[in-house]
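Peer 1: sequence first, predicted model second:
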Amino acid sequence: AQSVTQLDSQVPVFEEAPVELRCNYSSSVSVYLFWYVQYPNQGLQLLLKYLSGSTLVKGINGFEAEFNKSQTSFHLRKPSVHISDTAEYFCAVFILTGGGNKLTFGTGTQLKVEL
Amino acid sequence: EAQVTQNPRYLITVTGKKLTVTCSQNMNHEYMSWYRQDPGLGLRQIYYSMNVEVTDKGDVPEGYKVSRKEKRNFPLILESPSPNQTSLYFCASSFFGDTQYFGPGTRLTVL
């Protein structure tokens, strides 16, 4: 069964510092990869996605992620965070198989930006 | 405006009383899903549908039913709710394999 691992459940960071949120997945077949953000008391919205092409993907609000096929990772980065980036971040993997097409989410990483 | 709507947004019910949470999208998406969100567990897919009359189980389907009679609607049915189904539920839609558009969520409490 496919799985998505977000190793860090919480990441505290000071404002203007860089941050990396880690995501690893288990699959040997083609995948689409996503990062979603959930602000307090809201639904989820897309930050960025990798479907094909360049392995470095840029998203909204200055976030970027790099697809590493050999390490089956899709880590999210931002060079300088802002207080408004405080939210929960979810990595998601859509595995392209003929037998089923489920989208699997990680358990989430709570990013807390402090002054 | 492109959107996914869910109703109701909040629901408190009692064990065993059948309920339906509606979901509707206006983007002509073929793929629709239901998720539940629980603290520490992230989002877990309950059921998904790849098109009208085509549905399949996600990771946690027990105790839930769905139907997809029209492309735009994907209701979630709890025939006999139990307290362990207390959760925050999200409906989502997308084109196949692409960005999921999420509804605002339904907070369900089963007493």
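Peer 2: In hand now; what should we look at?
Peer 1: list the buried residues of the lowest-mean-pLDDT helix or strand in chain A.
Peer 2: Least confident helix or strand of chain A, by mean pLDDT, DSSP states H and E, is strand A:103-105 with a mean of 88. Neighbour-count burial for strand A:103-105, counted by 16 or more other Cβ atoms under 10 Å in any protein chain shown, picks out A:103-105. No exception for glycine: its C-beta is placed from N, CA and C like everyone else's.
Peer 1: try stretch A:6-13
Peer 2: Of the residues in stretch A:6-13, A:6, A:11, A:13 count as buried by neighbour count, 16+ other Cβ under 10 Å.
Peer 1: check whether it contacts chain B.
Peer 2: Yes - using Cβ under 8 Å from any Cβ of the partner chain, stretch A:6-13 reaches chain B at A:6, A:9.
Peer 1: off-centre distance for that stretch?
Peer 2: With Cα atoms, centre = their mean, to the nearest Å as the basis, the distance from the averaged C-alpha position of stretch A:6-13 to the chain average is 12 Å.
Peer 1: the buried residues of strand A:103-105 also near chain B: which ones?
Peer 2: Filtering the buried residues of strand A:103-105 for proximity to chain B (criterion: Cβ under 8 Å from any Cβ) leaves A:103-105.
Peer 1: which one of these is nearest to chain B?
Peer 2: Checking those against chain B with Cβ to the nearest Cβ, the nearest one is residue A:105 at 4.2 Å.
Peer 1: of the ones next to chain B among the buried residues of strand A:103-105, just say which sits nearest to residue A:77.
Peer 2: Nearest to residue A:77, judged by Cβ to Cβ, of those is residue A:105 at 19.6 Å.
Peer 1: please name the nearest non-neighbouring residue to that closest one.
Peer 2: Take residue A:105 and drop its neighbours on the chain: the residue closest to it by Cβ to Cβ, 6 or more residues apart in numbering or on different chains is residue B:43, 4.2 Å away.
Peer 1: bridging residues for the one you found?
Peer 2: Residues in a beta bridge with residue B:43, per DSSP bridges, are residue B:37.
Peer 1: quick one: contacts for it?
Peer 2: Listed by Cβ atoms under 8 Å, 6 or more residues apart in numbering or on different chains, the contact partners of residue B:43 are A:44, A:90, A:92, A:105, A:108, B:35-37, B:90.
Peer 1: for residue A:30, same thing?
Peer 2: Applying Cβ under 8 Å, 6+ apart, one finds that residue A:30 lies in contact with A:95-96.
Peer 1: tabulate the buried residues of stretch A:6-13 (JSON lines), appending distance to residue A:59 and secondary structure.
Peer 2: Output for the buried residues of stretch A:6-13, formatted as JSON lines (distance: Cβ to Cβ, whole Å; DSSP: H, G, I helix; E, B strand; the rest coil):
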{"residue": "A:6", "distance to residue A:59": "17", "secondary structure": "coil"}
{"residue": "A:11", "distance to residue A:59": "17", "secondary structure": "strand"}
{"residue": "A:13", "distance to residue A:59": "18", "secondary structure": "strand"}
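Peer 1: with distance to residue B:64 and pLDDT added, can I get those residues in a markdown table?
Peer 2: Written out in a markdown table, the entries for those read as follows (distance: Cβ to Cβ, whole Å; pLDDT from 0 to 100):
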| residue | distance to residue B:64 | pLDDT |
| --- | --- | --- |
| A:6 | 25 | 95 |
| A:11 | 33 | 97 |
| A:13 | 38 | 97 |
